[in-house]
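K.L.:
Sequence first, then the predicted structure:
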Amino acid sequence: MTNSIAKIRKTNPIVLNVSNSVTQQHVADAINFIGASPIMFDDEREASELINISSALVINLGTTNRSSIQKSILSGQAANQKHIPVIVDPVAIAASTIRTEHFDQLIKKVKINVLRGNIAEVAAIAGVDWQNKGIDAGDGQGDRLAIAKKAANQLKALVVVSGQEDIVTDGADSYLISNGNQQLATNVGSGDMLDGIIAAALGTEQSLESCVLGTAILAIAGEIAAERFPHQPYSFFNQVFDVLGLMDDSQYMRYLKIKKIPAQDL
Ligand SMILES: Nc1ncnc2c1ncn2[C@@H]1O[C@H](COP(=O)(O)OP(=O)(O)OP(=O)(O)O)[C@@H](O)[C@H]1O
Ligand SMILES: Cc1ncsc1CCO
Ligand SMILES: [Mg+2]
């Protein structure tokens, strides 16, 4: 792996965020603690100037509205022009028509490089009825991987599906990361933090491996935080930030639990 935590900290890439209004502070902290620099913005007229100083863009659809749709499109197009990676989080995409329409409009006008969501969100985008699949096939690892790959091929983008096991795929080669802790899922916004950390890694170097690095960093931080706070979700969450601030590559490598699934294996 050529990218690393040391490289992120040395490069200190600026990550621009079209954030939701729920978890902004946590996202900014996560980006900062791993060694990148966050910027959030409210006025779409700033989009192109801010992209000019940034190395990655995160578009989070969590609290989308008329203004954030404009912000997403303008900043996304500016990022495309400058070949800056665009990471999109389709929060609860299937929950409302507006969210679905925003996403559809976005992918028509902006080339997205990474889609990051939980399995329900990615399944909705891949056109798979995940909720109604039932217990037989719904929980299978093969199904989650197939859905992630389908979305990746549809969007021609890298896809990260978070969960007990995180999946990172380009539609051909895939990685399964089995670090993590359930208390990450309990805390609202850990998925949004994950977007920001992936963006920090991609802002340093654009590759599938950078997506793996960003994804595994948060899962490992959760695993380490749980050693001290196994059943105290709020203390655990604070500890995650402390761990992110201190993590180095040797600690990362000691904890990393990863499996590569080459294209031909599925
Ligand atoms: N059951 C689990 N066990 C271990 N780690 C988990 C589990 N579920 C999620 N995670 C970890 O939590 C982090 C966020 O993933 P999650 O799937 O909860 O995102 P999300 O649903 O988008 O969250 P949110 O929208 O609340 O921010 C990832 O680092 C993932 O590895
Ligand atoms: C709870 C919530 N509602 C919209 S965005 C958000 C944060 C999780 O993404
Ligand atoms: Mg989410």
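P.N.:
Happy to help now that I have it. Ligands and ions are numbered 1, 2, ... in the order given.

K.L.:
Stretch 209-222 close to ligand 1?
P.N.:
Yes - interface with ligand 1: stretch 209-222 contributes 218-219, 222 (CB under 6 Å from any ligand atom). For glycine as for every other residue, the C-beta is placed from the backbone atoms N, C-alpha and C.

K.L.:
Who wins on neighbours among those?
P.N.:
L218 (29 neighbours; other CB atoms under 10 Å).

K.L.:
excluding its backbone neighbours, what's nearest it?
P.N.:
Spatially, and ignoring its direct neighbours in sequence, L218 is nearest to L194 (5.0 Å; CB to CB, 6 or more residues apart in numbering).

K.L.:
Show the contacting residues for the residue of the stretch 51-200 of the chain found nearest ligand 1.
P.N.:
The stretch 51-200 of the chain approaches ligand 1 most closely through G191 (2.2 Å), counting by CB to the nearest ligand atom. If you count contacts by CB atoms under 8 Å, 6 or more residues apart in numbering, G191 has them with 89, 91, 116-118, 162.

K.L.:
in what helix or strand does it lie?
P.N.:
helix 190-204 (DSSP states H and E).

K.L.:
From D43, how far out is L50?
P.N.:
Counting by CB to CB, to the nearest Å, the separation of L50 from D43 is 10 Å.

K.L.:
hang on, I meant L16
P.N.:
13 Å.

K.L.:
Per-residue pLDDT of G134, please?
P.N.:
For G134, the model assigns a pLDDT of 42.

K.L.:
Could you shift the numbering so residue one becomes 883, and keep it that way?
P.N.:
Sounds good: first residue 883 from here, last item G1016.

K.L.:
Buried residues, stretch 1137-1148. List them.
P.N.:
Residues of stretch 1137-1148 classed as buried by neighbour count (16 or more other CB atoms under 10 Å): 1138, 1143.

K.L.:
Need the contact partners of it.
P.N.:
Residues contacting stretch 1137-1148 (CB under 8 Å, 6+ apart): 1024, 1027-1028, 1031, 1054-1061, 1094, 1098, 1102, 1105-1106.

K.L.:
which of these are buried?
P.N.:
Among the contacts of stretch 1137-1148, those classed as buried by 16+ other CB under 10 Å are 1027, 1031, 1056-1059, 1061, 1094, 1098, 1102, 1105-1106.

K.L.:
Narrow the contacts of stretch 1137-1148 to those in strands?
P.N.:
Those of the contacts of stretch 1137-1148 mapping onto strands are 1056-1059, per DSSP state E.

K.L.:
still on that earlier bit, ok, L932 and D925, which is more surrounded?
P.N.:
Neighbour comparison, L932 and D925: the larger count goes to L932, with 20 against 10 (by other CB under 10 Å).

K.L.:
Skip the chain neighbours and tell me the closest residue to the more buried one.
P.N.:
L898 (5.3 Å).

K.L.:
Each with direction, which strands does the helix or strand that contains the one you found pair with?
P.N.:
Using DSSP H and E, L898 sits in strand 896-900. Looking at strand 896-900 with DSSP bridges, its partner strands are strand 919-922 (parallel), strand 938-942 (parallel).

K.L.:
Can I get the helix or strand harbouring Y1134 in CSV, CA atoms only?
P.N.:
Assigned by DSSP H and E, Y1134 belongs to helix 1131-1137. What follows is helix 1131-1137, C-alpha atoms only, in CSV (Å, rounded to 0.1, in the frame of the first residue of the first chain):
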residue,chain,number,x,y,z
ASP,A,1131,0.6,3.2,10.6
SER,A,1132,2.1,0.6,12.8
GLN,A,1133,-0.9,0.5,15.1
TYR,A,1134,-3.1,0.4,12.0
MET,A,1135,-1.2,-2.6,10.5
ARG,A,1136,-1.3,-4.5,13.8
TYR,A,1137,-5.1,-4.3,14.0
